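Visitor: 3D, please:
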Amino acid sequence: MFRKSFNGNRSGSNGSSRFGNGRRSGFGTKPAQRGGFRGGGNRRFGGQRIDVSKFINKTIVEERTEVFVPKNSFKDFAIDEKLKRNILEKGYTTPTPIQDKIIPEILMGKDVVGIANTGTGKTAAFLIPLINKVLKNPKEKVIIMAPTRELAIQIDQELKGFTKFLRIFSVCCVGGANIRPQLSALRHHNSFIIGTPGRLKDLIERKALSLSDVSNVVLDEADRMLDMGFINDMKFMLALMPKEKQGLFFSATLGKEIENLIKDFLKNPLTISVKTRDTSKNIDQDIVRVEAGKNKIDVLHDLLNQKEFNKVLIFGQTKHGVERLGILLAQKGFKAESIHGNKNHAKRQKTLGLFKDNHINILVATDVAARGLDIADVTHVINYDLPQTYEDYVHRIGRTGRGDKKGKALTFVS
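Guide: Alright, predicted model coming up:
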């Protein structure tokens, strides 16, 4: 076994990096004075004190790697043949660990709690058996709640790929988008209703959406919905659903409030965890120290000019900062755009499309805007600003190194 280091250099045991020492700088030449940061090995943000060494985790290349061997294959699952054809057409051949373990349990009608990191294939893990359920009984109604509009839209797009030519209809109900098309779509039969808690509650209060006939409910990224203050909305909607329903909760972590939700709304759920560590072993993590008196933006500029930075997701802390950084990078000649909460739904979707289709190769985003995004082939995640919590850090860097691909994560620190 041997260690692979970033650009051939190994970080020291004291948390230092090849990028040099010094204080963190903002857009100008003066060091940033935000968030009460202090020198030393720890950084405090969002009420947490996190050791800088947690941002350094070199990928390990083993002489022998353990290969996951699934117990099932997609062709062997007890699902409709037309659905199998769509699965194969989408390029799915071998189930991921969570798909291999959870799909058979959902097919048997069990309530399931899935603990998994992002990028593990959990969306297909719940969509495939639920689509099969609808094919067997068109009266089945599924509601899927997700924390952000981008994730909800992504789930809906994934659903449409699996249900091609199957005459299964869905409606995606998210805030920031025109509510009128959603109201219109809800007048028709939809087997799947996918949305964010705030917009779904709004539609219920408008009496455009009823949950009295819901037979299946999915809470995706339940921990993030809790973090974003949706706990009361989730409880409100779950209480409106029939007691006899199948419930599926997916989360990267299980806090006390999520456990209480599970206890109140699921019946003897089966908990399946495929999470072995906080961050993927495929992500090489390091820190970037900005030398005293040097522009932080210049350090970023030099990094992005390196050949291997092919498709880069950069995280900032504020909407204004993200917008400004996107403009500055574009002015410096990079193909860069930004997404954040101040941009309307249409602009955010257009920008995401440009990034996914490689018309731009740098996307600057806030945490909420990029939560749960599944974008192929992101080579690097850069934490230009420190995240509020370590959990946010884990979700940020989970945008790279997805599946069996390698990725790199860099965090700017003082």
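
Visitor: burial measure for His345, as a count.
Guide: Per other Cβ atoms under 10 Å, the neighbour tally for His345 reads 15. C-betas here are computed from N, CA, C, even on glycine.

Visitor: find the residue closest to it in space, skipping its chain neighbours.
Guide: Sequence neighbours aside, Gly176 is the residue nearest to His345 in space, at 4.0 Å (criterion: Cβ to Cβ, 6 or more residues apart in numbering).

Visitor: what sits against that neighbour?
Guide: By Cβ atoms under 8 Å, 6 or more residues apart in numbering, the residues touching Gly176 are 149, 344-345, 348.

Visitor: and those residues as JSON lines, adding secondary structure?
Guide: Listed next are the contacts of Gly176 as JSON lines, based on DSSP: H, G, I helix; E, B strand; the rest coil:
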{"residue": "Arg149", "secondary structure": "helix"}
{"residue": "Asn344", "secondary structure": "coil"}
{"residue": "His345", "secondary structure": "helix"}
{"residue": "Arg348", "secondary structure": "helix"}
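
Visitor: quick check: the farthest pair among the residues you listed?
Guide: Greatest spatial distance among those (Cβ to Cβ): Arg149 and Asn344, at 10.8 Å.

Visitor: more neighbours, the two?
Guide: Neighbours were counted for Arg149 and for Asn344 using other Cβ under 10 Å; Arg149 has more, 24 against 11.

Visitor: isn't the more buried one up against Pro197?
Guide: No. Using Cβ atoms under 8 Å, Arg149 makes no contact with Pro197, being 11.2 Å away.

Visitor: what are the ranges of the helices in the protein?
Guide: 81-89, 97-107, 122-136, 149-162, 179-185, 197-205, 222-227, 231-239, 256-265, 296-304, 319-331, 345-356, 367-370, 390-397 (DSSP state H).

Visitor: for the ones you listed, which has the smallest mean pLDDT value?
Guide: For the helices of the chain, the bottom mean pLDDT is recorded on helix 367-370, which sits at a mean of 70.

Visitor: and this structure, what are its domains?
Guide: 2-59+281-413, 81-273 (automatic domain parsing).

Visitor: can you lay out those as CSV showing distance to Asn72?
Guide: Below are those laid out as CSV (distance: least, Cβ to Cβ, whole Å):
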stretch, distance to Asn72
domain 2-59+281-413, 18
domain 81-273, 5
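
Visitor: nearest to Phe68, of the ones you listed?
Guide: domain 81-273 (5.9 Å).

Visitor: can you check the distance spanned by the closest one, start to finish?
Guide: For domain 81-273, the first-to-last residue distance is 29 Å (Cα to Cα, to the nearest Å).

Visitor: please renumber the chain so that the first residue is 654 from this point on.
Guide: That works, and once the first residue is 654, the last one we named lands at domain 734-926.

Visitor: tell me the contacts of the nearest residue to Ala983 once chain neighbours are set aside?
Guide: Ranked by Cβ to Cβ, 6+ apart and with sequence neighbours excluded, the top spatial neighbour of Ala983 is Ala989, at 5.1 Å. By Cβ under 8 Å, 6+ apart, the contact set of Ala989 is 979, 982-983, 1013-1017.

Visitor: so what sits opposite Ala989 in the bridge?
Guide: Beta bridges link Ala989 to Ile1015, judged by DSSP bridges.

Visitor: just the CA coordinates for stretch 749-764, please, in CSV.
Guide: Extracted C-alpha coordinates of stretch 749-764, given in CSV (Å, rounded to 0.1, in the frame of the first residue of the first chain):
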residue,chain,number,x,y,z
THR,A,749,-24.6,0.0,-6.7
PRO,A,750,-24.4,-1.2,-3.0
ILE,A,751,-27.4,0.8,-1.9
GLN,A,752,-29.4,-0.3,-5.0
ASP,A,753,-28.5,-3.9,-4.5
LYS,A,754,-29.6,-3.9,-0.8
ILE,A,755,-32.6,-1.6,-0.9
ILE,A,756,-34.5,-2.3,-4.1
PRO,A,757,-35.5,-5.9,-3.0
GLU,A,758,-36.8,-4.6,0.3
ILE,A,759,-38.8,-1.8,-1.2
LEU,A,760,-40.3,-4.2,-3.7
MET,A,761,-41.5,-6.3,-0.7
GLY,A,762,-43.3,-3.2,0.6
LYS,A,763,-41.1,-2.5,3.6
ASP,A,764,-40.6,0.9,5.2
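
Visitor: about what we covered before: so which of the domains of the chain gets nearest Val722?
Guide: It's domain 734-926; of these, that one is closest to Val722 (Cβ to Cβ) at 9.2 Å.

Visitor: so what's the residue nearest to His998 scoring on pLDDT?
Guide: 86.

Visitor: strands of the stretch 654-803 of the chain, start to end?
Guide: 655-656, 695-698, 701-704, 713-714, 765-768, 795-798 (DSSP state E, counting those that start in this stretch).

Visitor: lowest-confidence stretch among those?
Guide: Looking at the strands of the stretch 654-803 of the chain, the lowest mean pLDDT belongs to strand 655-656 (a mean of 34).

Visitor: against Asp937, how distant is Leu1039?
Guide: 19 Å (Cβ to Cβ, to the nearest Å).

Visitor: wait, isn't Gly762 in contact with Gln899?
Guide: Yes. In this structure Gly762 lies within contact range of Gln899 using Cβ under 8 Å: 5.9 Å.

Visitor: and those two? which has more neighbours close in?
Guide: Neighbours per residue, other Cβ under 10 Å: of Gly762 and Gln899, the larger number sits with Gln899, 22 against 11.

Visitor: tell me which residues touch the more buried one, please.
Guide: Gln899 touches 759, 762-764, 868-870, counting by Cβ under 8 Å, 6+ apart.

Visitor: any of these buried? List them.
Guide: Buried subset of those (neighbour count, 16 or more other Cβ atoms under 10 Å): 759, 763-764, 868-870.
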